[in-house]
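>>> the amino acid sequence is not available; the structure is as follows:
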């Protein structure tokens, strides 16, 4: 099992939306936060699939 929760994913999502509202879509901060969220979602998806397989 990974060391993060669905709540942490939602927190990253809120951070992303906040940065987007403040700096716009093309901001490096927004793009970086988006990549972090994508990474967490991918890890979460893999861990969910592993639980289903077991």
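That came through fine. Worth saying up front: this structure is predicted, and the values here are computed from it rather than measured.
>>> for residue 12, give me its contacts.
33, 36-37, 40 (CB atoms under 8 Å, 6 or more residues apart in numbering). Heads up, the C-betas are built off the backbone N, CA and C, glycines and all.
>>> got the buried residues for the longest helix along the chain?
The helix that spans the most residues within the chain, counting by DSSP state H, is helix 28-53. For helix 28-53, the neighbour count (16 or more other CB atoms under 10 Å) marks 30, 33-34, 37, 40, 44 as buried.
>>> pick the one among these closest to residue 9.
The closest of the buried residues of helix 28-53 to residue 9 turns out to be residue 40 (CB to CB; 5.1 Å).
>>> my guess is residue 8 contacts residue 41, does it?
No - no contact is recorded between residue 8 and residue 41 when judged using CB atoms under 8 Å, the distance being 10.9 Å.
>>> tell me how far residue 11 lies from residue 49.
23 Å (CB to CB, to the nearest Å).
>>> I figured residue 24 hits residue 31, correct?
No - here residue 24 lies out of contact with residue 31, judged by CB under 8 Å, at a distance of 10.6 Å.
>>> would you turn the buried residues of helix 28-53 into CSV with pLDDT?
Conversion of those to CSV gives the following (pLDDT from 0 to 100):
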residue, pLDDT
30, 88
33, 88
34, 89
37, 89
40, 88
44, 85
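>>> which one of those is nearest to residue 15?
residue 33 (5.6 Å).
>>> what does stretch 25-33 rub up against?
The set of residues external to stretch 25-33 that reach it, using CB under 8 Å, 6+ apart, is 12, 15-16, 19-20, 23-24.
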